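Asks: Give me coordinates for this.
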Amino acid sequence: MRSFKNCILSIVLSSLACIISHACVAQQIPRNAHANAYGNGWTCDRGFRNSNGQCIVVQMPPNADLDIYGSGWTCKRGFRNNNGQCVVVQIPANAELDIYGSGWTCKRGFRNNGGQCVAVQIPQNAELDLYGSGWTCKRGFRNNGGQCAAVQIPQNAELDAYGSGWTCSYSFRQVGNECQKMSAAELAAYQKQIAEMQARRRRMSNTYTTSKGAEFIVAVRDANLDCREGYSQAYDGCEVEVSFSITTNYNGSDTPTARVRCDAEILSVDRTGWQNTESSDASKSVSIFGQEEAGRVEIGFSFSTEVVRAKLTEVSCKIRDVS
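Replies: As a prediction, this is how the structure comes out:
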């Protein structure tokens, strides 16, 4: 009890000493400002910015809004910053505003050709690609000089996971352009290799098991980071293109569809050197033909600050369900 009283007395005496010595000075907050969250300083109100210790009004050009910090401005959607003014984004035919609202992108089925959006010329047995600005041959066909030619599959072979080539059926091996029956020793070695590969994939991959016991395993094969430079010589957004494969022991007559979600994490650095970690994800449904199928998904990132460096730090994929 005595110790508690001594503690209270010490606090009171310290406060009196502060008052007497004028060591505690009230925080001087300028107009249009407020104390910060820590109580040891101040920050300008939204719509004002700090200029030599005073909070002055943010001067915004027409067609602009306050930025997320409230101390600057950004052009409204459909306008772009041109030397401190917000000018209308000029959108050519068959184009639309991009996701940032300060530029444009060609609509699906068109591609950028010298600032104009021209129709994608799709040859026979082809279809629009994932991005909608090019084409890819349908499954069972391959690109041969800008045309889609049928894949010539030899006896005892089947289409590969990509649908543009072939692979020998189980217990056969490729010899030139043919598939020959494996010997007993070759088959045993092949089975051992497959078992080791599947065990390694289970350790490194995500496995989904259906109610009937069929396993579907997704594994990331490749991931590429692509960042776009904006008008201020800084990145205004990035995309991560993830390639993955799905293997399964399912051998039914149906064609199962797996819904895959891929997550990516990037480390960004702005002009001040501030580092920030951001995560995003994207999902895709993949129809599985045979025991292996390939897929690809694009994960988008946008930045609220001017990013000058970005690095991909983590990528993973997971099967959400199979139908």
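Asks: so residue 188 sits in a helix?
Replies: Yes: counting by DSSP: H, G, I helix; E, B strand; the rest coil, residue 188 is part of a helix.
Asks: in the helix or strand residue 148 falls within, what's buried?
Replies: Residue 148 belongs to strand 147-150 when assigned by DSSP states H and E. Judged by neighbour count using 16 or more other C-beta atoms under 10 Å, the buried positions of strand 147-150 are residue 148. The way it works is simple: take the backbone N, C-alpha and C, and place the C-beta from them, glycine included.
Asks: And the helix or strand encompassing residue 87, how far out from the chain middle?
Replies: Element membership of residue 87, judged by DSSP H and E, is strand 85-88. Taking C-alpha atoms, centre = their mean, to the nearest Å, one finds the center of strand 85-88 at 29 Å from the center of the full chain.
Asks: Buried residues, that strand. List them.
Replies: Buried residues in strand 85-88 (16+ other C-beta under 10 Å): residue 86.
Asks: Alpha carbons of stretch 284-292, as CSV, please.
Replies: Extracted C-alpha coordinates of stretch 284-292, given in CSV (Å, rounded to 0.1, in the frame of the first residue of the first chain):
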residue,chain,number,x,y,z
LYS,A,284,-10.3,-20.7,-63.4
SER,A,285,-12.3,-23.8,-64.3
VAL,A,286,-10.4,-26.4,-66.2
SER,A,287,-11.9,-29.4,-68.1
ILE,A,288,-9.6,-32.4,-67.7
PHE,A,289,-9.1,-34.8,-70.6
GLY,A,290,-7.1,-37.9,-69.7
GLN,A,291,-4.7,-38.1,-66.7
GLU,A,292,-3.1,-34.7,-67.1
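Asks: tell me the mean pLDDT over that stretch?
Replies: Mean pLDDT, stretch 284-292: 88.
Asks: any idea how far that stretch is from the chain center?
Replies: 22 Å.
Asks: quick one: contacts of that stretch?
Replies: 139, 158-161, 163, 216, 245-251, 255-260, 262, 293, 295-297 (C-beta atoms under 8 Å, 6 or more residues apart in numbering).
Asks: ok so, going back, counting contacts, what elements does the strand holding residue 87 pack onto?
Replies: On a contact count with 3 or more C-beta pairs under 8 Å, 6 or more residues apart in numbering; DSSP states H and E, strand 85-88 meets strand 79-82.
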